[in-house]
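J.: okay, sequence plus prediction incoming.
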Amino acid sequence: MDRVAVFIDGSNLYKGLVSTLGTDYRLDFVGFVSALAAGRPLLRAYYYNAPLPSEDPAAKAHQSFLNYLKRVPYVMVRLGRLERRGEGFVEKGVDIQIAIDMLKLAYADAYDVAVLVSGDGDFAEVFKVIQDMGKQAENTTFQVLSSYRLAQQADRYFPLDELPWDRLRARSFEAEAMPFQD
């Protein structure tokens, strides 16, 4: 059976959840990763994001969520950074971390199928490389954030819009429920 590695662009996932399901939706993260693995053996899920600046009102909740993820079995948290640009912040280092991990693990033959949660078309090039190595590349994100180029390069594209979101709703407002704002 194919071994699966899941790579989650946290900002992309959060934006999709908010735009599609609203700001009050709380995700059962473990159930979500399980749905992405779709019954196949999971190597690990990698979650990528950048910690919010301490002055952000959501920073404490975001850090609690990241701390929770660090305790979840088979989940690795990889953090980039935020750089101030004008009045706001720009996430830096996250996409390159995703690309490096996908390639490094493909070269190590650690997985058979990479599932990428992102709508960033730049990852199409990474998909080409891992496919040339005999790996399968699956892409999922909410349709509103989807990249046509990435979806076309993927061996399989499936929109997150089609997941059973009522079943993936966290049953409490505890840390596992992705309670932060990006």
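T.: Good, I have the coordinates.
J.: you'd agree residue 70 is up against residue 78?
T.: No - between residue 70 and residue 78 there is no contact, the gap being 10.8 Å when judged by CB atoms under 8 Å. All C-beta atoms are positioned from the backbone trio N, CA, C, and that covers glycine.
J.: when the two are compared, which one has more neighbours?
T.: Taking neighbours as other CB atoms under 10 Å, residue 70 and residue 78 compare with residue 78 leading, 18 against 11.
J.: which strand residues bridge the more buried one?
T.: Assessed by DSSP bridges, residue 78 has beta-bridge partners residue 48.
J.: list the contacts of it.
T.: Under the criterion of CB atoms under 8 Å, 6 or more residues apart in numbering, the neighbours of residue 78 are 46-48, 94, 97-98, 101.
J.: same question, residue 33
T.: 6, 8, 42, 45, 75.
J.: kindly recompute the last result at 7 Å.
T.: Counting by CB atoms under 7 Å, 6 or more residues apart in numbering, residue 33 touches 6, 42, 45.
J.: and if you look at residue 66?
T.: 51, 77.
J.: against residue 77, how distant is it?
T.: 6 Å (CB to CB, to the nearest Å).
J.: give me the common contacts of the two.
T.: With CB under 7 Å, 6+ apart, residue 66 and residue 77 have no common neighbours.
J.: mind checking the SS state of the residue most central in space within the chain?
T.: Central residue of the chain (CA atoms, centre = their mean): residue 8, 1.4 Å from the mean position. Here residue 8 is strand, with the state taken from DSSP: H, G, I helix; E, B strand; the rest coil.
J.: so what are the sheet partners of the worst-scoring helix or strand of the chain on mean pLDDT and their directions?
T.: Ranking every helix and strand in the chain by mean pLDDT, DSSP states H and E puts strand 88-92 at the bottom, with a mean of 86. Looking at strand 88-92 with DSSP bridges, its partner strands are strand 81-85 (antiparallel).
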